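> Okay, sequence plus prediction incoming.
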Amino acid sequence: MFDCTQSRRLALLLGILLSLLSASYGALGDPQEQRVQIGLRLFRALLAADKDLEQKVNAQGRLELALLYWSDRQKAEEFATALQASGHGNAQGRIKHYPVQVTLVDGAHLGALQEQAPAAIYLVQSLPDPVLEEVIQYGIDHQRVVFSPFEGHVEKGVLAGLAIEVRVLPYINQTTLKRSGIRLKSLLLKVAKIHESW
């Protein structure tokens, strides 16, 4: 009974989120920045759908999320503030019931990912292909969600992103999902656009 109620609640929240994201897409300014802002909201929903999220919490009981940037740390700091303030009521600053801890990682220094072992990675800026490939492989090897709001990244192997069609949808790379062993709730997969790599 509890799982059914929880699934209904998640379905309702996903529906509302997708409607709001679709409606707000045109009102945010620069298209790349729009994608990053919208992606942050979708990133939260995707993490909430990770069946093994509790195993990715750090020793302090926090959900450490890495925001990966390439050259604009200030922009990354702005998005970190937005991510920590996101959510409503008791959920503000939390995903599920875990407090969010945001860490900024410079894409030129990926060794920091090994030291920090974040629960998930969000790309704030597009990365050069060799660096992007390293991040994708890190996500696969460590069963971590890597989310990029940038067009073409899911096709290159990033686990998740967003598809802007009639509505904004989660966009999942099925091959990367299988290779990483990440288990997402079926409800999210039902509403997502799926990319099959060959």
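Perfect, I can see it now. For clarity, every value in this text was computed on a predicted model and none was experimentally measured.
> Let me see the ranges of the helices in the chain.
In the chain, the helices defined using DSSP state H lie at 2-24, 31-48, 73-85, 111-116, 129-142, 153-156, 174-180, 186-191.
> chain center to the fourth one: distance?
The one in question is helix 111-116. Here the centre of helix 111-116 is set off from its chain's centre by 18 Å, with C-alpha atoms, centre = their mean, to the nearest Å.
> With the second one instead?
Here helix 31-48 is found 7 Å from its chain centre; the criterion is C-alpha atoms, centre = their mean.
> Least confident secondary structure element in the chain?
Least confident helix or strand of the chain, by mean pLDDT, DSSP states H and E, is helix 2-24 with a mean of 57.
> Redo the helices of the chain as JSON lines? Include distance to residue 165 and mean neighbour count.
Quick note: C-beta positions are derived from backbone N, CA and C, even for glycine. Output for those, formatted as JSON lines (distance: least, C-beta to C-beta, whole Å; neighbours: other C-beta atoms under 10 Å):
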{"stretch": "helix 2-24", "distance to residue 165": "9", "mean neighbour count": "13"}
{"stretch": "helix 31-48", "distance to residue 165": "13", "mean neighbour count": "21"}
{"stretch": "helix 73-85", "distance to residue 165": "24", "mean neighbour count": "16"}
{"stretch": "helix 111-116", "distance to residue 165": "32", "mean neighbour count": "12"}
{"stretch": "helix 129-142", "distance to residue 165": "24", "mean neighbour count": "17"}
{"stretch": "helix 153-156", "distance to residue 165": "14", "mean neighbour count": "20"}
{"stretch": "helix 174-180", "distance to residue 165": "18", "mean neighbour count": "17"}
{"stretch": "helix 186-191", "distance to residue 165": "12", "mean neighbour count": "14"}
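> what's the closest of the ones you listed to residue 167?
In terms of C-beta to C-beta, the element of these nearest to residue 167 is helix 2-24, at 4.1 Å.
> Tell me where the model's unsure across the chain.
1-29, 198 (pLDDT under 70).
> Just give me the residue right at the centre of it.
Against the mean C-alpha coordinate of the chain, by C-alpha atoms, centre = their mean, the closest residue is residue 43 at 3.0 Å.
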